[in-house]
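Novice: Predicted model, plus sequence, below.
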Amino acid sequence: MANRPPPLIGTHCLILGAGSVGRLWGALLPDQTVTLVPRAGRQETRCRYRFQPLSGPARSVDLPWASAVADLSDTDLVLVTTKAQDTPDAITSLLTRLPRSVPLVLFQNGLGSQQTVLERAPEHPILAASTAEGAHRTETDTLVHAGAGDTWVGALNEAGRGVLPEVVTYLQASGLDTHPETNIEARLWQKLVINAGINPFTAILDCPNGDILDHRFFRQRIDGLCNELAALMRHEGLPTGTAGELRHRIETVARATARNTSSMRADIRNHRQTEIDFINGFVARRCEALNLAARVNRELTNRVKRLGKL
Ligand SMILES: NC(=O)c1ccc[n+]([C@@H]2O[C@H](COP(=O)([O-])OP(=O)(O)OC[C@H]3O[C@@H](n4cnc5c(N)ncnc54)[C@H](OP(=O)(O)O)[C@@H]3O)[C@@H](O)[C@H]2O)c1
């Protein structure tokens, strides 16, 4: 029997990770095209929540949960919107139920989890998305679209390159500003620099982004942190600047988002696990493996992890 051709992208999309990012895309992608994948053991069949768009009134969203025994063979796309530390396990339990032609789009911040997915799902088209959209959930189960920004999508393997235009076209139907990116790795690194230079300081100092800039704890470490990042990026052959340019970029973003609470500070405040292992922890591990200096990134990683245990 001839193999069935892969289905057209944009009719049966799964969202793995029904949190802030997952529910944002779930609310905005075309009706009837999205099913949410629950954690194991969830019994409900529908996921209902309020959606507060950037402007205008809130509305109700009602999406199906995929059951644990559902036939997923007609799935044409998976958006993976779990936190970085949850992604490998979440993916692994889904992979056995998916045809190998199904593209996976990874939305995780930081680096490290993407590599694990590439190793576990080598036959799937794998793409990454770097998004500046901001979303959070309130205690009353409302998903708030808190800030608009561009979403860049690019391929992490050869099979991903082939489906990139179709994936981007479907994601654009959400109305969110979504663009194809030929060098998504470089974009993920650029975001890593900003996250590594802001998030741990806001978590340790328990302050909004802008307040880190005048703090002695930040001023004593930021040059060391940028030296470590610049040396690592040079070693990885990435387009980078000098350590001074990285510091300038970090401080510009901290000023532009001065009143914002970083996701890492929010995670610590809400007693949730942070993504530090995929931000400064990733930089520290990579530098240490290459015998490059990692003192500041290691110190920040350890301090944030200790905070999480308090
Ligand atoms: N929020 C933003 O504005 C934003 C912006 C840019 C990038 N990001 C990045 O996007 C990623 C997701 O962030 P988020 O804010 O959406 O996180 P989140 O709100 O914590 O959502 C993650 C979701 O994944 C679910 N999950 C975890 N393990 C699972 C499993 N094994 N099977 C099924 N579902 C599972 C969690 O379920 P429970 O609800 O049961 O815990 C949660 O609903 C992160 O890497 C983040 O850094 C977020």
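Specialist: Perfect, I can see it now.
Novice: so what's residue 290 closest to, chain neighbours aside?
Specialist: Take residue 290 and drop its neighbours on the chain: the residue closest to it by Cβ to Cβ, 6 or more residues apart in numbering is residue 235, 6.0 Å away. Where C-beta positions appear, they are placed from N, C-alpha and C, glycine not excepted.
Novice: Nearest to the ligand: which residue in the stretch 101-250 of the chain?
Specialist: Going by Cβ to the nearest ligand atom, the ligand is nearest to residue 109 of the stretch 101-250 of the chain, at 3.2 Å.
Novice: Show me the helices in the chain, by range?
Specialist: 20-28, 87-95, 113-120, 158-172, 184-205, 216-219, 222-235, 243-256, 263-269, 280-289, 295-309 (DSSP state H).
Novice: Looking at the closest residue to the ligand within the stretch 1-150 of the chain now. What's its pLDDT?
Specialist: Taking Cβ to the nearest ligand atom, the ligand has its nearest neighbour within the stretch 1-150 of the chain at residue 19, 1.7 Å off. Reported pLDDT at residue 19 in the predicted model: 97.
Novice: same deal with residue 207?
Specialist: For residue 207, pLDDT reads 98.
Novice: Tell me how many other residues surround it.
Specialist: Residue 207 has 16 neighbouring residues, counting by other Cβ atoms under 10 Å.
Novice: What parts of the stretch 151-300 of the chain come near the ligand?
Specialist: Counting by Cβ under 6 Å from any ligand atom, the stretch 151-300 of the chain comes close to the ligand at 263, 275.
Novice: run the last query once more with 8 Å
Specialist: Neighbours of the ligand within the stretch 151-300 of the chain, by Cβ under 8 Å from any ligand atom: 263, 272, 275, 278.
Novice: circling back to that earlier point, now do the residue of the stretch 1-150 of the chain closest to the ligand against residue 272, distance only.
Specialist: According to Cβ to Cβ, to the nearest Å, residue 19 and residue 272 sit 11 Å apart.
Novice: Could you do residue 136 as well?
Specialist: Residue 136 is 12 Å from residue 272, where distance means Cβ to Cβ.
Novice: what's the farthest-apart pair in the residues of the stretch 151-300 of the chain next to the ligand?
Specialist: Pairwise distances among these were taken by Cβ to Cβ; the largest, 14.3 Å, belongs to 272 and 278.
Novice: neighbour count winner among the two?
Specialist: Between residue 272 and residue 278, counted using other Cβ under 10 Å, residue 278 has the larger neighbour count: 23 against 13.
Novice: so that one makes contact with residue 110?
Specialist: Yes: the pair residue 278 / residue 110 is scored as a contact, 3.1 Å apart, by Cβ atoms under 8 Å.
Novice: Overlap of the contact sets of those two?
Specialist: Taking Cβ atoms under 8 Å, 6 or more residues apart in numbering as the contact rule, the neighbours common to residue 278 and residue 110 are residue 84.
Novice: got any ranges where the stretch 1-150 of the chain has weak pLDDT?
Specialist: 1-7 (pLDDT under 70).
Novice: Residue 9 contacts residue 170, correct?
Specialist: Yes: the criterion here is Cβ under 8 Å, and residue 9 meets it with residue 170 at 5.2 Å.
Novice: who touches both of the two?
Specialist: Common neighbours of residue 9 and residue 170 (Cβ under 8 Å, 6+ apart) are residue 77.
Novice: show me the contacts for the residue most central in space within the chain.
Specialist: Closest residue to the average C-alpha location of the chain: residue 108 at 2.2 Å, with Cα atoms, centre = their mean. The contact partners of residue 108, by Cβ under 8 Å, 6+ apart, come to 80, 82, 83, 84, 87, 114, 128, 275, 278.
Novice: Next, count neighbours for residue 101.
Specialist: 17.
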